[in-house]
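Chemist: what follows is a predicted structure for the sequence shown.
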Amino acid sequence: MTLFVIGKPIKHSLSPVIHNFWINKYKLGLEYNKLEVEKDLLPSLIERVRKGKITGLNITLPYKKDIISYIDEISHTAKDIGAVNTVFLKGNKVYGENTDGIGFTKALEKKKKFNFLNKSIYILGAGGASYGIISRLIEKKVQTIYVANRTKQKTTQLLSYFKSKTKYTKLKFVDWKHLVPGSDVDLVINTTSFGMKKNQIIEINTENLKDSLILVDIIYSPKETELIKLFKKKGFFCMNGLNMLVEQAAVSFKLWFNISLKNEDIEEVKRICEASY
Ligand code: ATR
């Protein structure tokens, strides 16, 4: 029996490093591999899960949405987000969950003892990662979420989608060309892929921000994006996407093996990942 992370491209995925470390540590006698697949292979992979030949799957870009039509049941969270990143056999059903949002909140709760209740959060991006995080922030009863995205229409689409899901959290539109977060903002999150390449600089004004503001860039390669460099220079606490990646992996691991990983397991893996790229 094996586990896979599937996507295209998949070369740079750190998931095998993370899961194989825990699999070996807990002597599970399994192997976790990466598999670059075309879309037409998805049904046969799900069949192998159904037959118990594959213990678990992680789904990454670009199949997080496509996979939904092949599985039997999907969690409320994954339905809200419209994307699945973890698949396994639950009873006799192939089940899909999304652990991205919970990975994000756990990372900050652990690293900074951050309490999301009634916070104001400024989000860059309205793609898949943004949906995952916002769905979780709404569950956590954040007070205000500001959203900006290069393509305006995707911002308005996202805002109207989540407005129908919450009465508590206020959702506000921000123009991508005028990124000026105010002094009420507690947390800025970059969920876009802009920053993965050299010289990709997000034009954002930091003048009004309070000293306690935290920046999270969910990009983990490079380790420091231009955005992180800018906020660090101004003295703000910054975190890249590695903590979130490892935390979402730990939630998937628990779903597959019913093992709650210890902090020490999580920190060990973070160090190994840090050293691997
Ligand atoms: P993911 O699932 O990782 O969020 P995605 O759904 O393709 O991937 O979303 C990518 C995000 O990065 C989007 O918010 C995208 O903005 P657009 O909706 O305007 O495409 C953002 N993004 C990608 N390239 C960008 C760029 N050059 N400048 C600004 N934003 C960019």
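Modeler: It's in. Numbering: from 1, shown residues only.

Chemist: C-alpha only now, for contacts and for neighbours.
Modeler: OK.

Chemist: any weak-confidence spans in the stretch 1-150 of the chain?
Modeler: The stretch 1-150 of the chain contains no residues with pLDDT under 70.

Chemist: mind doing that once more with 90?
Modeler: For the stretch 1-150 of the chain, the stretches with pLDDT under 90 are 1, 12.

Chemist: on the three-state scheme, Leu57 is what?
Modeler: Per DSSP: H, G, I helix; E, B strand; the rest coil, the local secondary structure of Leu57 is strand.

Chemist: any idea what it is bridged to?
Modeler: Phe4, Val87 (DSSP bridges).

Chemist: okay, it and the ligand: tell me how far apart.
Modeler: 18 Å (Cα to the nearest ligand atom, to the nearest Å).

Chemist: correct me, but that residue touches Ile6?
Modeler: Yes: here Leu57 reaches Ile6: they are 7.2 Å apart, a contact under Cα atoms under 8 Å.

Chemist: how about the residues of this structure that lie near the ligand?
Modeler: Applying Cα under 6 Å from any ligand atom, we find that the chain lies next to the ligand at 125-130, 149-151, 154, 192-194.

Chemist: rerun at 8 Å
Modeler: 61-62, 124-131, 149-152, 154-155, 191-194, 200, 202 (Cα under 8 Å from any ligand atom).

Chemist: keep only those of those that are in strands.
Modeler: If you go by DSSP state E, the residues of the chain next to the ligand have Leu124, Asn149 in strands.

Chemist: tell me which of the residues of the chain next to the ligand fall in helices.
Modeler: Counting by DSSP state H, the residues of the chain next to the ligand place Gly128, Ala129, Ser130, Tyr131, Lys152, Lys154, Thr155 in helices.

Chemist: which neighbours do Leu57 and Ile6 share?
Modeler: By Cα atoms under 8 Å, 6 or more residues apart in numbering, Leu57 and Ile6 have no common neighbours.

Chemist: biggest helix in this protein, by residue count?
Modeler: helix 242-257.

Chemist: helices and strands around it, which ones?
Modeler: helix 15-25, strand 86-90, helix 100-112, helix 263-276 (3 or more Cα pairs under 8 Å, 6 or more residues apart in numbering; DSSP states H and E).

Chemist: repeat that with 10 Å
Modeler: helix 15-25, strand 54-59, strand 86-90, helix 100-112, strand 214-217, helix 263-276 (3 or more Cα pairs under 10 Å, 6 or more residues apart in numbering; DSSP states H and E).

Chemist: buried stuff in the first one?
Modeler: For helix 15-25, the neighbour count (16 or more other Cα atoms under 10 Å) marks Ser15, Pro16, Ile18, His19, Asn20, Phe21, Trp22, Ile23 as buried.

Chemist: next, the angle helix 242-257 makes with it.
Modeler: In terms of direction (axes from the mean of the first three to the mean of the last three Cα atoms, to 10 degrees), helix 15-25 departs from helix 242-257 by 50 degrees.
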